[in-house]
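Asks: Here is a sequence with its predicted model. Questions after.
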There are 2 protein chains.
Amino acid sequence: MNVIEVADPADERLADYVRLRDSSLRRSLEAEHGLFLAEGEKVVRRALRAGYRPRSLLLTRRRRTVLDDVADAFDAPVYVVDDAVAERLVGFHLHRGVLASFHRKPLPGVAEVVAAARRVVVLEDVVDHTNVGAIFRSAAGLGVDAAVLAPRCADPLYRRAVKVSMGAVFTLPYARLDDWYGGLEELRRRGFTLVALTPAPDAVPLAEAVGDGDGRYALLLGAEGDGLSTRWIDQADVRARIPMAARDVDSLNVTAAAAIACYELTR
Amino acid sequence: MNVIEVADPADERLADYVRLRDSSLRRSLEAEHGLFLAEGEKVVRRALRAGYRPRSLLLTRRRRTVLDDVADAFDAPVYVVDDAVAERLVGFHLHRGVLASFHRKPLPGVAEVVAAARRVVVLEDVVDHTNVGAIFRSAAGLGVDAAVLAPRCADPLYRRAVKVSMGAVFTLPYARLDDWYGGLEELRRRGFTLVALTPAPDAVPLAEAVGDGDGRYALLLGAEGDGLSTRWIDQADVRARIPMAARDVDSLNVTAAAAIACYELTR
């Protein structure tokens, strides 16, 4: 275990961890280096268990020994810094005291990800990292087999998504569609029934739409606010709704709807 | 309709709207004046429909006419400000351009709120306003009849909770327990089966715990992270879990779990 104390937040070796709340900087930096960050002991351990290879670890002084039991398993440097250095580096108080930078893996293709899957979630333009993370956590927890993302869906390995998912983004296999317009055809060809989740009152109640859950199902989930595009709704085999009570509430948020739909699909 | 243009963000008449992200200031200010804020046209309309009485409205110039159709129904002043004034006043860019300050109503007691209810959610120490708002939205949308809050649960009328709930906090009746320790007894006395939601592997699967949904059910939901207290779990009639797949994900977040449990309870 290669432990290095670093006192200067501008030290080049800490460059993976700069300004974590500057999302445009982070996106270009992470894309350029093919890295992602995990935060907190539990989530870092999950990334390691899922086979991701660390570039480095960053620990604050009082948490410096917390990953000792696994640190021998890799040769990445472990940087130990003061709280004040961590705060100046990342841009906020790092109260968990544990960050790690990992190499991304090449993303598998859709064919590979869905090959053995029976139930998949397909996220159209879910652009909020918190929501993507929450949906991955529910889908993985409830037993969905894979996720497929439209080209504009937010990155599951962005720090905020990783954190909210509690590491579920490491264990739920996912792939990204190259083609928004025709991308659902591949799922249909492979025998998936395409279920579009929508608040439309004339859609079929969810439980009825998924029946006894035999067969292969792809659950289509749309953007926050606007929901699924007309194109994707038209492509679906069935439009399903979660029955709503009459109480001046016309829909659920996408993460609540996703949780319920995954539950119904996998029960 | 009493429209007043205001050019100075320090104008006393705008005092209800100062520094919306300063949560300790906001909590004391709102408690002292018995007010709460609603944000965005849709949510403000829902507060009005639910019978809340406005203290004032704050509109940016380009949204100044957006509530004209309802503004005659009350005599509160409507303040119109430039975007720059709004931003200096509230502390961020007010992109929806619509805020309203409302009088709170006296909170009903637990007995009143649950009198005619068949299904209630009981939130122990859910301290995050986003989560409280999300749970209210799911509970109201799915047809839960009321909510009961432990003393330390976050305020459903705090701006962030109101916003995330999309106004569901106005339509789902709720009350607050005075007494955390013995507070559940009243629900039991009224014939509610107390169902504690927990990730514990030896709990009963949720669907089994609520059976065919006949009778009165109180669904107990615990804090983010720690879940329900031992005291409340011991008080419950049944401990229910949402079955998890084995995928290195040991639980759902509280809003996803709440959505699923409300769905199961009200189906």
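Replies: In hand now; what should we look at? Note that the coordinates shown come from a computational prediction; the quantities given were computed from them, not determined experimentally. Numbers count the residues shown, from 1 in each chain, chains lettered A, B, ... in the order given.
Asks: near chain B, which residues of the stretch 1-150 of chain A show up?
Replies: A:46, A:49-50, A:134, A:137-138, A:140-143 (C-beta under 8 Å from any C-beta of the partner chain). Where you see a C-beta, it was placed from the backbone N, CA and C, and this is true even at glycine.
Asks: Show me just the buried residues among the residues you listed.
Replies: Buried members of these, counted by 16 or more other C-beta atoms under 10 Å in any protein chain shown: A:46, A:134, A:137-138, A:140-143.
Asks: quick check, nearest of those residues to chain B?
Replies: A:Gly143 (3.3 Å; C-beta to the nearest C-beta).
Asks: contacting residues for the closest residue to that closest one other than its chain neighbours?
Replies: Leaving aside its sequence neighbours, A:Gly143 sits nearest to B:Ala245 (C-beta to C-beta, 6 or more residues apart in numbering or on different chains; 3.3 Å). In this structure, B:Ala245 makes contact with A:140-143, A:266, judged by C-beta atoms under 8 Å, 6 or more residues apart in numbering or on different chains.
Asks: for the closest residue to chain B within the stretch 151-267 of chain A, helix, strand, or coil?
Replies: For the stretch 151-267 of chain A and chain B, the shortest gap (C-beta to the nearest C-beta) falls at A:Ala245, measuring 3.2 Å. Per DSSP: H, G, I helix; E, B strand; the rest coil, the secondary structure class of A:Ala245 is coil.
Asks: Just the pLDDT for it.
Replies: A:Ala245 carries a pLDDT value of 90.
Asks: Which secondary structure state does the residue nearest the centre of chain A sit in?
Replies: The centre of chain A sits closest to A:Pro156, judged by C-alpha atoms, centre = their mean, with a distance of 3.0 Å. Following three-state DSSP, we place A:Pro156 in the coil state.
Asks: Quick check: phi and psi at the closest residue to it other than its chain neighbours.
Replies: Closest residue to A:Pro156 apart from its sequence neighbours, by C-beta to C-beta, 6+ apart: A:Val169 at 4.2 Å. Main-chain torsions, A:Val169, degrees, to the nearest 10: phi -60, psi -20.
Asks: quick one: A:Val169 and A:Ile135 touch, right?
Replies: No. Judged on C-beta atoms under 8 Å, A:Val169 makes no contact with A:Ile135 at a distance of 10.0 Å.
Asks: Show me the helices in the stretch 101-250 of chain A, by range?
Replies: A:110-114, A:129-142, A:159-164, A:168-171, A:184-189, A:206-210, A:230-235 (DSSP state H, counting those that start in this stretch).
Asks: between A:Val169 and A:Ile135, which one's more packed in?
Replies: Each of A:Val169 and A:Ile135 has its neighbours counted (other C-beta atoms under 10 Å in any protein chain shown); A:Ile135 has more, 32 against 29.
Asks: which residues touch the more buried one?
Replies: A:121, A:123, A:126, A:147, A:221, A:254-255, A:258.
Asks: Export the residues you listed to JSON lines and append columns for distance to B:Pro205 and pLDDT.
Replies: Listed next are those as JSON lines, based on distance: C-beta to C-beta, whole Å; pLDDT from 0 to 100:
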{"residue": "A:Val121", "distance to B:Pro205": "22", "pLDDT": "98"}
{"residue": "A:Leu123", "distance to B:Pro205": "28", "pLDDT": "97"}
{"residue": "A:Val126", "distance to B:Pro205": "29", "pLDDT": "94"}
{"residue": "A:Ala147", "distance to B:Pro205": "25", "pLDDT": "98"}
{"residue": "A:Leu221", "distance to B:Pro205": "25", "pLDDT": "97"}
{"residue": "A:Val254", "distance to B:Pro205": "26", "pLDDT": "93"}
{"residue": "A:Thr255", "distance to B:Pro205": "22", "pLDDT": "95"}
{"residue": "A:Ala258", "distance to B:Pro205": "20", "pLDDT": "97"}
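Asks: Spell out, range by range, the strands that occur in the stretch 1-150 of chain A.
Replies: Shown for the stretch 1-150 of chain A, the strands assigned by DSSP state E, counting those that start in this stretch span residues A:2-5, A:35-39, A:54-60, A:77-81, A:98-103, A:119-123, A:146-149.
Asks: show me the contacts for the residue nearest to A:Ala223 when sequence neighbours are not counted.
Replies: With C-beta to C-beta, 6+ apart as the criterion, A:Ala223 has its nearest non-adjacent residue at 4.1 Å, and that residue is A:Asp125. A:Asp125 sits next to A:150, A:152-153, A:222-223, A:226, A:229 when contact means C-beta under 8 Å, 6+ apart.
Asks: Buried members of those residues into PyMOL, please.
Replies: In PyMOL, this line selects whichever of these come out buried by 16+ other C-beta under 10 Å:
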select buried, chain A and resi 150+153+222+223+229
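Asks: which stretches of the stretch 151-267 of chain A have low pLDDT?
Replies: Per-residue confidence of the stretch 151-267 of chain A (counting by pLDDT under 70) places no residue in a weak region.
Asks: can you list the residues of it near chain B?
Replies: Residues of the stretch 151-267 of chain A lying near chain B (C-beta under 8 Å from any C-beta): A:164, A:166-168, A:170-172, A:207, A:242-245, A:247-253, A:255-260, A:263-264, A:266-267.
Asks: Can you flag the buried ones in those?
Replies: Here, 16+ other C-beta under 10 Å leaves A:164, A:166-168, A:170-172, A:242-245, A:247-249, A:251-253, A:255-260, A:263-264, A:266-267 buried among these.
Asks: Relative to the whole chain's centre, how far out is stretch A:222-238?
Replies: Chain-centre distance of stretch A:222-238: 20 Å, with C-alpha atoms, centre = their mean, to the nearest Å.
Asks: who's in contact with that stretch?
Replies: A:124-128, A:131, A:180-181, A:184-185, A:188, A:193-199, A:204, A:209, A:220-221, A:239, A:253-254.
Asks: Next, the distance between the ends of stretch A:133-152.
Replies: 15 Å (C-alpha to C-alpha, to the nearest Å).
Asks: Also stretch A:114-124?
Replies: Termini of stretch A:114-124 sit 17 Å apart (C-alpha to C-alpha).
Asks: Also stretch A:175-183?
Replies: Stretch A:175-183 end-to-end distance (C-alpha to C-alpha) = 12 Å.
Asks: do the same with stretch A:29-47
Replies: Distance across stretch A:29-47, first residue to last, is 20 Å (C-alpha to C-alpha).
Asks: How is chain A partitioned into domains?
Replies: Listed domain ranges for chain A are A:2-103, A:110-266 (source: automatic domain parsing).
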